[in-house]
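J.: Give me a model of this one.
(one chain, ligands or ions: 1)
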Amino acid sequence: MQVLDLIGIGIGPFNLSLAALACPTPLRTAFFEKESGFDWHPGLLLPNSRLQVSPLKDCVTLADPTSPFSFLNYLAVHGRLYSFVNRCDATTSRREFTQYKSAGCKTACMTR
Ligand SMILES: Cc1cc2nc3c(=O)[nH]c(=O)nc-3n(C[C@H](O)[C@H](O)[C@H](O)COP(=O)(O)OP(=O)(O)OC[C@H]3O[C@@H](n4cnc5c(N)ncnc54)[C@H](O)[C@@H]3O)c2cc1C
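T.: Model (predicted):
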């Protein structure tokens, strides 16, 4: 039987942050989601809707700016960092932010 240090029920932004911040620690974690994959308020992702806060208020940056689970790292990995900076727009679309969280979910929430 595997002994875990931390269990999260539901993989919304809160537990996604917890999973990402727990990654570099020795904690053994498991996160359980009732849906088949990550989604952020499904049905409310209206076309062209924008994030209402800075995307730097992501899963990790304010707690650990060096984390590989940051929004800026996600943009860099997907070749979109320069276009984001050159847009001179302090925010981003809810669609892109959902894609960012979904990508982090695939790695941060695996049982360790
Ligand atoms: C339309 C809309 C727009 C918003 N826009 C912004 C924004 O731009 N910026 C911002 O900061 N905030 C925004 N918010 C606020 C938003 O609620 C929070 O940012 C965030 O989604 C809260 O995260 P959470 O993890 O606490 O909860 P949730 O996002 O509600 O996630 C909970 C998760 O737990 C799962 N779950 C529930 N019960 C169980 C169970 N029994 N077993 C397993 N899984 C379970 C659910 O399926 C879900 O995936 C917005 C909210 C809405 C409704």
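J.: Which residues of the chain lie near the ligand?
T.: Proximity of the chain to the ligand is assessed by C-beta under 6 Å from any ligand atom, with 9-15, 32-35, 40-41, 44, 51-53 identified as the residues in range. The way it works is simple: take the backbone N, C-alpha and C, and place the C-beta from them, glycine included.
J.: at 8 Å what do you get?
T.: With C-beta under 8 Å from any ligand atom as the criterion, the chain comes near the ligand at residues 9-16, 32-35, 38-41, 44, 49-53, 57, 94, 97.
J.: among the residues you listed, which ones are buried?
T.: With neighbours counted by 16 or more other C-beta atoms under 10 Å, the residues of the chain next to the ligand contain buried members at Ile11, Pro13, Asn15, Leu16, Glu33, Phe38, Asp39, Trp40, Leu51, Arg94, Phe97.
J.: Could you identify the most distant pair in those residues?
T.: Largest separation among these by C-beta to C-beta: Glu33 and Leu51, giving 21.9 Å.
J.: returning to that earlier point: looking at the buried ones among the residues of the chain next to the ligand, which is nearest Leu62?
T.: Compare each of those with Leu62 using C-beta to C-beta and the shortest gap goes to Pro13, at 12.8 Å.
J.: ok, the closest one - contacts?
T.: Contacts of Pro13 were listed using C-beta atoms under 8 Å, 6 or more residues apart in numbering, and they are Trp40, Cys59, Lys101.
J.: Redo those as TSV? Include pLDDT.
T.: Supplementary listing: the contacts of Pro13 in TSV, determined by pLDDT from 0 to 100:
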residue	pLDDT
Trp40	88
Cys59	94
Lys101	91
